[in-house]
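Trainee: Predicted structure and sequence below. I'll ask about it afterward.
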Amino acid sequence: MKASLLFGAAAAFAGRAAAFYGQMAAGDYIYLDGGSEQYVYLTDYNTGSTYSGWFSPGFNGCVDIECGIEFYETSAGSYNFGAKVWRTDDGCHNIDFEGALDAGHGYCCGSLPCDFTA
């Protein structure tokens with residue numbers, strides 16, 4: 001019984017370790033008629049995959065408000081996924097993968113680029 005509990009706990013921990021570990025970066029704002037957009041870039045250190053997406057109005061307009069973004073793989077694969085991104089008023093950049101890449105919510109505080117896990 002103890003061995004099965006120990007194995008179950010180890011399996012749960014190993015599953016969590018397979019979640020996203022990488023970097024989030026953001027591009028400069030692009031100002032368009034009536035608004036702004038910003039690109040967000042992700043690098044998955046586990047797989048080497050890279051993704052980019054853009055959202056309006058950018059992190060400055062998504063303070064404590066979750067904004068939708070669609071990420072497109074820019075490396076050799078063709079995986080695309082939707083997520084939510086926002087910045088808290090204390091300067092932490094957040095992403096909710098909503099299950100994509102077997103990941104959940106992750107964040108990093110301070111300026112971008114930054115490393116994080118989800």
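Mentor: Cool, the structure landed.
Trainee: CA only for contacts and neighbour counts going forward, please
Mentor: Noted.
Trainee: Excluding sequence neighbours, find me the nearest residue to the residue most central in space within the chain.
Mentor: Geometric centre of the chain, nearest residue: residue 95, 4.3 Å, by C-alpha atoms, centre = their mean. Leaving out its chain neighbours, the residue that sits closest to residue 95 by C-alpha to C-alpha, 6 or more residues apart in numbering is residue 85, at 4.5 Å.
Trainee: what's the answer for residue 31, then?
Mentor: With C-alpha to C-alpha, 6+ apart, the residue lying closest to residue 31 is residue 37, at 6.5 Å.
Trainee: Just give the number of residues close to the residue lying closest to residue 77 once chain neighbours are set aside.
Mentor: Distances taken as C-alpha to C-alpha, 6+ apart place residue 49 nearest to residue 77, at 7.7 Å, with adjacent residues excluded. Other residues lying near residue 49 total 16 when counted by other C-alpha atoms under 10 Å.
Trainee: Pretty sure residue 43 is one of the things residue 49 touches, is it not?
Mentor: Yes: between residue 49 and residue 43 a contact is recorded at 6.0 Å, counting by C-alpha atoms under 8 Å.
Trainee: Could you report the neighbour count for the residue nearest to residue 95?
Mentor: By other C-alpha under 10 Å, the residues close to residue 85 number 25.
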